[in-house]
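Asks: any chance you can model this:
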Amino acid sequence: MRTSMTARAVAGLSALALLAACSDDTPDPATPEDGGATSSQDAGEGGEAVATSTPAADEAPEGLEDYYSQELVWSACEGDFECSSLTVPLDYAEPQGQTIDLALLRSPAGGEAQGSLVVNPGGPGGSGVDYAMSAGMSISAPVLEAYDVVGFDPRGVARSAPITCFDDAQMDEFLSADPSPDDAAEEQASQELVEEFAQACGTNAPDLIGHVSTVEAARDIDVLRAALGDEELTYLGASYGTFLGATYAALFPDRVGRLVLDGAIDPELTGLEMGLGQAEGFERATRAYVEDCVAGGECPLGSDVESAMARIPAFLDELDSAPLPVGDDAAGELTEGWGMYGIIVAMYDQNAWPVLSQAFDRAFQGDGTLLMYLANLYASRGSDGSYDGNGMQAIYAVNCLDRPAGSDGEDLDSEAVEQQFEEVSPTWGRYLAGEGACEYWPAEASETVEDYSAQGADPILVIGTTRDPATPYEWAEGLADTLDSGVLLSYDGDGHTAYGRSNDCVDDAVDAYLLEGTVPADGTTC
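Replies: Numbers count the residues shown, from 1 in each chain. Next comes the predicted model:
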């Protein structure tokens, strides 16, 4: 499962209590035609570029001076936003070789800016440009008043040299495919499909496929920091964005300013440990939903918690043999695969629970339309079968470099692994076990990080939510312990991440840290 949702999905989940239709009317920022590698500027009247800052080159690693000293061209794009692009090397080991342009979007501070707040929504595969555009949904007014919010699409994502392996029709086939094969024939068909996907990624992006790792994205952030004219990085990362932020801190501890890592990933976990942890996290979140559903009365899943929990995998089994109609959606039918995504997405935000219950009620009456709508939110997909961005593909490109197949250091028996997953998660374990496309990935990462302690860094704020499905609370504890200067802030609640969606206790603590540098006491619980 992904560790975070796209800006579009978050917006859709926010509106679910009212059953609002999901519309993709987020403006698509236009990147300046000149590529943005010449001057750091503001858009003046009529869109004229006006210089505002000069980056420093004296701190640049050897061979990267030109990248660190580049000045950004900011041009007016949709609304009050400003757009630009940042040039970075494809391969940091060969800085004079090929380059990539990363799309940037800035939401200027409402008052006098005290610097830039670089943001990343996670994924991996989430668009930082979209996230910065929707900053008003998740970042407090005082922080928006004090900081220029800067989002970037990481390499391989959205508008930044996106990796596209399958077209929309192929992605529909990929996501709707049987996620829990029942026999040898189905298993073979599943393996052939994921192998085809991995090979297509290598064929369509042969140069980039080995250079979209989190380490390289973190190096891009330091180039961005310098180009913005900031001596230290101020950063808000959600979900996978916490892993990106922790990687930055490990590589550049002396350039760490105020880092907020919300919905944290423990960077020292193996791929197997992450999978098991996420399976347990989704099981915990699903039980919280079911308990709420049953307590409210007239729960479509059943009148007691255990029978209601059992009804979910039984329903998915029913979809495997008898998919449901989905109205006018181009998918044609709600398969087990689509049904799984439709249920999973509601675990990211408890505001979606009432709608999930409605979706179950309608599905049990033979209509899968509402559950398909939820699945579309997860996949950033329109009902016409078009996808908003490449997040569902980029996630493999990044993850398979960061945690390649077989990297757990031991020869694991597949049946034993499946049993482990089903023990920690009777509902979701069967879907989360296995290496997936990474087993066939055509590239390896060029660089890894061995030590994530980030010794010497200023205090880093780590936030964990106790019933977070996608990034279990234990991961936040692990990251805070790993970081030499980690400070843990806990939110006792449901859903994925905490800042901007939990309570005043969390929001006030984060705001005080970002605005004043005030660090909450380690272990504070809200």
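Asks: which SSE is the residue lying closest to residue 265 once chain neighbours are set aside in?
Replies: Spatially, and ignoring its direct neighbours in sequence, residue 265 is nearest to residue 243 (4.3 Å; Cβ to Cβ, 6 or more residues apart in numbering). Heads up, the C-betas are built off the backbone N, CA and C, glycines and all. Taking DSSP states H and E as the criterion, residue 243 maps to helix 240-251.
Asks: immediately after that helix, which helix or strand?
Replies: strand 256-262.
Asks: got the angle between the helix holding residue 243 and strand 256-262?
Replies: 150 degrees (axes from the mean of the first three to the mean of the last three Cα atoms, to 10 degrees).
Asks: got the buried residues for helix 240-251?
Replies: For helix 240-251, a neighbour-count test (16 or more other Cβ atoms under 10 Å) marks 240, 241, 242, 243, 244, 245, 246, 247, 248, 249, 250, 251 as buried.
Asks: same list (these) but as TSV, adding pLDDT and distance to residue 86.
Replies: TSV is the format used below for the buried residues of helix 240-251 (pLDDT from 0 to 100; distance: Cβ to Cβ, whole Å):
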residue	pLDDT	distance to residue 86
240	97	20
241	98	17
242	98	22
243	98	21
244	98	15
245	98	18
246	98	21
247	98	18
248	98	15
249	98	20
250	98	21
251	98	17
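Asks: return the member of these nearest to residue 82.
Replies: residue 241 (21.6 Å; Cβ to Cβ).
Asks: what distance do you get for the residue nearest to the closest one when sequence neighbours are not counted to residue 465?
Replies: Counting by Cβ to Cβ, 6+ apart, residue 241 lies nearest to residue 120, which is 3.6 Å off, once chain neighbours are set aside. The spacing between residue 120 and residue 465, counted by Cβ to Cβ, to the nearest Å, is 18 Å.
Asks: check residue 106 too.
Replies: Taken as Cβ to Cβ, the span from residue 106 to residue 465 is 29 Å.
Asks: which positions within the helix or strand hosting residue 476 qualify as buried?
Replies: Using DSSP H and E, residue 476 sits within helix 473-482. Within helix 473-482, the residues scored as buried using 16+ other Cβ under 10 Å are 473, 474, 475, 476, 477, 478, 479, 480, 482.
Asks: contacting residues for residue 507?
Replies: 140, 499, 500 (Cβ atoms under 8 Å, 6 or more residues apart in numbering).
Asks: could you do residue 261 as well?
Replies: Residue 261 touches 237, 241, 242, 245, 246, 460, 461, 462, 463, 479, counting by Cβ under 8 Å, 6+ apart.
Asks: wouldn't residue 165 be in contact with residue 395 here?
Replies: No - taking contacts as Cβ atoms under 8 Å, residue 165 lies outside contact range of residue 395: 11.2 Å.
Asks: which of those two has more neighbours?
Replies: residue 165 (25 against 21; other Cβ atoms under 10 Å).
Asks: distance of the more buried one from residue 487?
Replies: Taken as Cβ to Cβ, the span from residue 165 to residue 487 is 39 Å.
Asks: got it, and residue 280?
Replies: 25 Å.
Asks: residue 331 too?
Replies: 45 Å.
Asks: who has more neighbours out of the two?
Replies: residue 331 (22 against 19).
Asks: was I right to think the more buried one contacts residue 385?
Replies: Yes - using Cβ under 8 Å, residue 331 makes contact with residue 385 at a distance of 7.0 Å.
Asks: quick check: neighbours shared by these two?
Replies: With Cβ under 8 Å, 6+ apart as the test, residue 331 and residue 385 both reach residue 172.
Asks: which stretches of the chain have low pLDDT?
Replies: By pLDDT under 70, the low-scoring segments of the chain are 1-58, 407-412.
Asks: out of the contacts of residue 261, which is nearest to residue 362?
Replies: residue 241 (34.5 Å).
Asks: quick one: contacts for that closest one?
Replies: 4, 119, 120, 121, 122, 126, 261, 262.
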